[in-house]
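S.K.: Build the 3D model from these lines:
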Amino acid sequence: MSTVMPGPRPQPITDVSPTNSQSDGSVDAGSQWAQFDGLDSTVWSSLNQLSRALRVPEASLHDTLVAILQGALDLLQGAAHGAGVNLLVKGQFRPQAVLGEAPPLLDELQRRTGTGPCIEASERQCRIEITDTNTESRWPEFTSRAVAMGVKSMLCVPLWVQDHRLGSLSLYGSRPHALGGTAINLADLYATHAALALGDAQRTESLRRALSNRDTIGQAKGILMHSRKLSAQDAFELLVAASQRLNRKLVEVAQEVADTGALPAGLG
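M.R.: Residues are numbered from 1 along each chain as shown. Below is the predicted model of the structure:
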C-alpha cells in the first residue's frame, strides 16, 4: 500500500501533527527533531558533504540534476537502486534526469498516462511511500510495470522553494520496505537541500537563456539596421512585427535573421 503524508509548509523538514503540537498550536521543537535522533555522526557528515557539493555557484541545470541523483543514492547507501527527478514545467509533469534502468521507463509511463506516485508527489507536494509494489492498490498500471521491472518499493518526496513547486525526487528500492524509517527521514532532509540547489540552477539557467536571447536579438537588430538603414527602434519593431505575423517567438525570428542575414521568406 502507499502512504501519503501532508504537503510542505513553511518548515519543510516535518509536518505538524498531534504528537508534536502544543495546546496553543505551536510546535515542540524537541519533538519536531526527535525523528532524527537515530542518525549517527557519520550520516550527518555525509549529508553535510553532499549538501555542500550540490551548491556549486553557476552550476548548469543538467549538472545539478545529476549531482542530486547521485547524492541521493550515495546517502541512502544501497536502500535505493535507482532515482529520478521530475519537474513541473508550466504546470506540466516533465521527467528530467534519472539514474538506473527502471526510472526512465516508469517516469515516461506516468507522463503518458497522467497518473502515478511521482506525479502526485509533484502536483500535491506531498511525500508518497510505496512500501510494497506487489500489494499497492493505487496506480495499477504503474505498479504492475514496476513489479515487472524489479522495483519493489518507492519513495517520492516533493521539491519546493518558498511555496514554489519545483517537482519531486523519486527513489526506487529493489526489495519491499527498503525505503522506510531512516531512509524517509534522510530523504526529507536531503530534498530540502536538493530543492535549494535546483532552484539556484534554474535561476542561473534562466539568466543565461535571457542573456543569450538578448545577444541574438541584438545581432538581428544590427543586421537589419545595416541592411535596411534603420534605427535600433525601427529594427526591433520590424522583428516584433515579423514574430507576430509568423506566430513564432521573437528570439526564433531573430536567430533566423542572425543565421541568414535576412528576415524569414515572404516578409520582404
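
S.K.: name the helices or strands packed onto the longest helix along the chain?
M.R.: As assigned by DSSP state H, the longest helix anywhere in the chain is helix 182-228. On a contact count with 3 or more CB pairs under 8 Å, 6 or more residues apart in numbering; DSSP states H and E, helix 182-228 meets helix 41-54, helix 61-76, strand 127-130, strand 153-161, strand 164-173, helix 232-246, helix 250-260. Where you see a C-beta, it was placed from the backbone N, CA and C, and this is true even at glycine.

S.K.: Distance to D188 added to the ones you listed, as JSON lines?
M.R.: Below are these laid out as JSON lines (distance: least, CB to CB, whole Å):
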{"stretch": "helix 41-54", "distance to D188": "11"}
{"stretch": "helix 61-76", "distance to D188": "12"}
{"stretch": "strand 127-130", "distance to D188": "7"}
{"stretch": "strand 153-161", "distance to D188": "6"}
{"stretch": "strand 164-173", "distance to D188": "10"}
{"stretch": "helix 232-246", "distance to D188": "45"}
{"stretch": "helix 250-260", "distance to D188": "39"}
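
S.K.: Bridging across strands, which residues link to the residue most central in space within the chain?
M.R.: The residue lying closest to the centre of the chain (CA atoms, centre = their mean) is L87, at 3.7 Å. When assigned by DSSP bridges, L87 has beta-bridge partners R94, G167.

S.K.: Do you know the pLDDT at it?
M.R.: Looking at L87, its pLDDT is 92.

S.K.: Now do the same contact list for it.
M.R.: 94, 96, 122, 166-167 (CB atoms under 8 Å, 6 or more residues apart in numbering).

S.K.: redo that, cut-off 6 Å
M.R.: By CB atoms under 6 Å, 6 or more residues apart in numbering, the contact set of L87 is 94, 96, 167.

S.K.: surely P176 meets S153?
M.R.: Yes: between P176 and S153 there is a contact at 5.5 Å, judged by CB atoms under 6 Å.

S.K.: More neighbours: these two, which one.
M.R.: Legend: neighbour count by other CB atoms under 10 Å for P176 and S153, higher for S153 (25 against 15).

S.K.: The closest residue to the more buried one other than its chain neighbours: neighbour count?
M.R.: Using CB to CB, 6 or more residues apart in numbering and skipping residues adjacent in sequence, the residue nearest S153 is G173, 3.8 Å away. Counted with other CB under 10 Å, residues neighbouring G173 total 26.

S.K.: Model confidence at G173, what's the number?
M.R.: 94.

S.K.: now swap in T19 and tell me
M.R.: Reported pLDDT at T19 in the predicted model: 30.

S.K.: likewise Q125?
M.R.: For Q125, the predicted pLDDT is 89.

S.K.: just S46 next, same as before
M.R.: For S46, the model assigns a pLDDT of 69.

S.K.: got it, and the one 3 residues further on?
M.R.: Confidence per residue is given as pLDDT, and for Q49 that number is 72.

S.K.: and P158, bridged to which residues?
M.R.: Applying DSSP bridges, one finds that P158 bridges with S168.
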